[in-house]
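Colleague: curious how this folds, go ahead:
(one chain, ligands or ions: 1)
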Amino acid sequence: MLDLFTIFSKGGIVLWCFQTTADMLAPSVNALIRTVILQERTGNNSYDHNSLTLQYKLDNEFELIFVVAYQKILQLSYVDKFLNDVHLEFRDKYKNTLQNKWQFQDIDFMSSFNKILAASEKWGKTQAKLPKQMRTFEDSVKSKKTVASMIERKGEEKAIKKSVKIVEAKPKIEEIEIPVDDGIEEDVIAANRAKMAQKLSKKKTEKPVTKSPKSPNVDKAGKKPRVWDLGGGSRDLPDLDRSKDKPEDAKSEYSPQTDMVGRMQGSIRDLEVESSDEEYSSDDDDNVEPQKNETSKQKSSGMLNMFKGLVGSKNLTHETMKPALEKLQDHLINKNVAIDIAKKLCDSVEAKLAGKVLGTFDRIATTVKTTLTESLVQILSPKRRVDILRDCLETKKLGRPYVMAFCGVNGVGKSTNLAKICFWLIENEYSVMIAACDTFRAGAVEQLRTHTRHLNALHPKSKHGGREMVQLYEKGYGKDAAGIAMEAIRYANDSRIDVVLVDTAGRMQDNEPLMRALSKLIKVNEPDLVLFVGEALVGNEAVDQLVKFNQALADHSSSENPHIIDGIVLTKFDTIDDKVGAAISMTYITGQPIVFVGTGQTYTDLKALNAKAVVHALMK
Ligand code: GDP
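Modeller: Have a look, this model is predicted:
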């Protein structure tokens with residue numbers, strides 16, 4: 001029993017519609033358009049909304065969308081076939097009209113529709129009666145694995161292991177000194193950093209001012225105390241060695257660094273990503289030589305290439321696109337996009353292009369690549385405005401602090417990046433209260449205390465009209481985190497502090513009691529922004545973390561409209577070279593923007609995501 005069938009153009013004109021229950025279905029179709037079709041997620045051909053399942057088919061030649069909706073609880077095996085048949089019939093019947101610039105008058109499609117529906121239902125019934133056949137090897141998932149994707153799986157496992165290691169490698173309370181990335185495989189990071197540093201130094205000679213200072217290379221030989229390069233390389237500041245840190249000394253050592261003030265005012269600088277790899281090209285699928293450098297040899301063969309491209313008009317079908325799509329999928333996985341997401345992205349490109357007819361000079365691989373590139377930019381571009389500075393101003397006008405909560409697994413850089421964000425806020429003249437709600441991990445409170453001291457040293461009261469720019473609200477360990485956050489917010493409210501940054505304990509996404517506690521903290525304190533902190537090093541793990549964090553926040557909230565993750569802080573971007581896939585996986589999963597990117601271990605290593613730069617690095 002179908003509730004709705006509608007055929008509309010990509011431009012929004014409804015050509016034909018059949019519906020049983022009026023009105024109620026419009027929100028579901030609108031949700032499908034908003035969250036699937038406009039957001040480049042057309043890979044699956046089905047979408048659930050409220051109690052409905054909506055299945056859809058795109059006709060890319062005539063730019064049409066066919067949508068059928070039915071109750072989710074119904075198992076309608078014939079819908080795929082039905083959708084296909086209606087699509088074909090509609091195209092055949094109205095081909096001329098569609099070609100003649102849409103001169104539609106009355107569309108009488110009801111009788112054809114009913115006929116196809118009856119035939120499909122009958123077909124469904126006969127299918128149900130047939131005994132289930134065993135799958136052949138060719139039908140199995142295993143047979144479809146490419147060699148490259150198998151190799152990548154190993155790498156992905158490695159990435160998962162890496163994040164597990166981070167948890168294990170956390171220092172105990174006696175050793176508050178926090179080593180540089182002790183959980184990550186240091187040789188990999190060192191190699192990536194060396195590559196990045198090389199690139200940066202090359203770049204610096206060309207464009208000296210555009211990059212912020214980078215942290216020094218990690219010595220493979222062993223752990224080193226973290227170095228906070230606060231002076232941006234131009235001044236020698238003492239190391240932030242927590243094991244030796246003495247508060248009395250700190251005051252005299254950390255004199256105000258006047259040249260730092262103002263460096264991060266206003267919006268955060270855009271991230272720059274570069275790749276040294278040769279540009280990715282899959283042009284060979286079209287029997288056309290890739291055009292890399294304009295060498296003389298290639299120039300002379302230019303005419304030949306042109307003739308190779310003259311293969312007549314090409315119809316884009318599953319078969320013709322398959323080689324290019326497989327190549328692209330492997331390429332994405334190689335760049336650390338989670339396997340499932342890479343597949344969905346390619347499916348989405350296929351759905352978007354299937355049926356299109358290419359012009360004589362268009363090449364399939366190039367078309368597929370361009371379409372994917374456009375989809376990726378679309379995915380990474382924020383769907384809504386996240387303007388923290390403006391929102392802080394708004395809440396200030398309302399006489400209350402703006403509250404941001406940071407969550408994520410252990411060791412991803414929550415506290416470090418919270419401190420960077422704090423620095424950025426102070427640079428923009430907002431006073432900050434840090435709520436130390438990680439009452440779990442030994443050393444967490446001390447870590448924030450050190451940050452608070454250093455930030456105040458960089459921005460002393462004297463420079464801000466006697467106002468202390470950062471304060472720490474802490475109640476030690478073992479207490480209820482939600483309660484501490486509440487007290488901190490109240491205190492900030494009473495003391496007219498502009499922003500509260502709530503640090504929470506790192507937790508694994510499968511730890512139910514801790515996820516419940518996080519959900520409680522968010523529900524009770526209603527922060528303005530919930531940020532998920534995730535490191536750019538993760539591949540498939542990123543998806544699991546985000547899905548489970550979001551799910552836990554929704555499940556344990558007991559509210560009809562639970563507050564889930566609003567945005568992402570993507571950390572350790574400086575350690576991944578051009579394997580930028582985590583950025584795609586994370587935004588694809590949540591549909592939420594990457595608000596900040598952490599690019600190192602100094603307070604200024606905070607950037608805004610530049611979607612085009614990331615996609616460029618990804619597609620190279
Ligand atoms: P938390 O457990 O999530 O609070 O993580 P921490 O803030 O303690 O950070 C864990 C480690 O990651 C520390 O050694 C940080 O210096 C390091 N870290 C954090 N952010 C970045 C970043 O953007 N780049 C690099 N290279 N290291 C980072």
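Colleague: separation between the residue in the stretch 401-550 of the chain that the ligand sits nearest to and residue 419?
Modeller: Closest residue of the stretch 401-550 of the chain to the ligand, CB to the nearest ligand atom: residue 413 (2.9 Å). Where C-beta positions appear, they are placed from N, C-alpha and C, glycine not excepted. To residue 419, residue 413 is 10 Å away according to CB to CB, to the nearest Å.
Colleague: likewise residue 564?
Modeller: Residue 564 is 25 Å from residue 419, by CB to CB.
Colleague: so between those two, which is more surrounded?
Modeller: With neighbours defined as other CB atoms under 10 Å, residue 564 and residue 419 compare such that residue 419 has more, 26 against 18.
Colleague: how far away is the more buried one from residue 406?
Modeller: To residue 406, residue 419 is 11 Å away according to CB to CB.
Colleague: give me the contact list for the helix or strand in which residue 533 is found.
Modeller: Using DSSP states H and E, residue 533 falls within strand 529-535. If you take CB atoms under 8 Å, 6 or more residues apart in numbering as the criterion, strand 529-535 is touched by 163, 386, 388, 391, 402-409, 412-414, 417, 522, 542, 545-546, 549, 553, 563-572, 582, 586, 590, 595-596.
Colleague: same thing but 7 Å
Modeller: With contacts defined as CB atoms under 7 Å, 6 or more residues apart in numbering, strand 529-535 is touched by 404-408, 412-414, 417, 522, 542, 545-546, 549, 563, 565-572, 582, 586, 595.
Colleague: same thing with stretch 430-442?
Modeller: Contact partners of stretch 430-442, identified using CB under 7 Å, 6+ apart, comprise 170, 172-173, 392, 401, 418, 422, 425-426, 444-445, 448, 452, 467, 469-474, 477-479, 481, 484-485, 488, 491-492, 497-506, 521.
Colleague: keep only those of these that are in strands.
Modeller: 470, 471, 472, 473, 499, 500, 501, 502, 503, 504 (DSSP state E).
Colleague: make JSON lines out of those and add pLDDT.
Modeller: Output for these, formatted as JSON lines (pLDDT from 0 to 100):
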{"residue": "470", "pLDDT": "97"}
{"residue": "471", "pLDDT": "97"}
{"residue": "472", "pLDDT": "97"}
{"residue": "473", "pLDDT": "97"}
{"residue": "499", "pLDDT": "98"}
{"residue": "500", "pLDDT": "98"}
{"residue": "501", "pLDDT": "98"}
{"residue": "502", "pLDDT": "98"}
{"residue": "503", "pLDDT": "97"}
{"residue": "504", "pLDDT": "96"}
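Colleague: which of those has the largest number of neighbours?
Modeller: The residue in the ones in strands among the contacts of stretch 430-442 with the most neighbours, by other CB under 10 Å, is residue 502 (30 neighbours).
Colleague: thinking again about what came up before, narrow the contacts of strand 529-535 to those in helices?
Modeller: Cross-referencing the contacts of strand 529-535 against helices under DSSP state H gives 414, 417, 522, 542, 545, 546, 549, 582, 586.
Colleague: so stretch 539-550, near the ligand or not?
Modeller: No - Stretch 539-550 does not reach the ligand (CB under 6 Å from any ligand atom); its nearest approach is 12.2 Å.
Colleague: for that stretch, buried residues please.
Modeller: 539, 540, 541, 542, 543, 544, 545, 546, 548, 549, 550 (16 or more other CB atoms under 10 Å).
Colleague: quick revisit: TSV for the ones in helices among the contacts of strand 529-535, including distance to residue 330?
Modeller: What follows is those, written out as TSV (distance: CB to CB, whole Å):
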residue	distance to residue 330
414	33
417	32
522	39
542	19
545	24
546	23
549	29
582	17
586	21
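Colleague: which intervals of the stretch 1-150 of the chain have sub-threshold pLDDT?
Modeller: Scanning the stretch 1-150 of the chain with the threshold set as pLDDT under 70 gives 21-23, 101-105, 131-150.
Colleague: what residues does the protein have near the ligand?
Modeller: Contact residues, the chain versus the ligand (CB under 6 Å from any ligand atom): 178, 180-181, 226, 410-417, 506, 571-572, 574-575, 598-601, 605.
Colleague: switch the cut-off to 5 Å
Modeller: Residues of the chain found near the ligand (CB under 5 Å from any ligand atom) are 411, 412, 413, 414, 415, 416, 506, 571, 572, 598, 600, 601.
Colleague: contact partners for the nearest residue to residue 476 once chain neighbours are set aside?
Modeller: The spatially closest residue to residue 476, leaving aside those adjacent along the chain, is residue 445, at 6.6 Å (CB to CB, 6 or more residues apart in numbering). With contact taken as CB under 7 Å, 6+ apart, residue 445 is in contact with 436, 474, 476.
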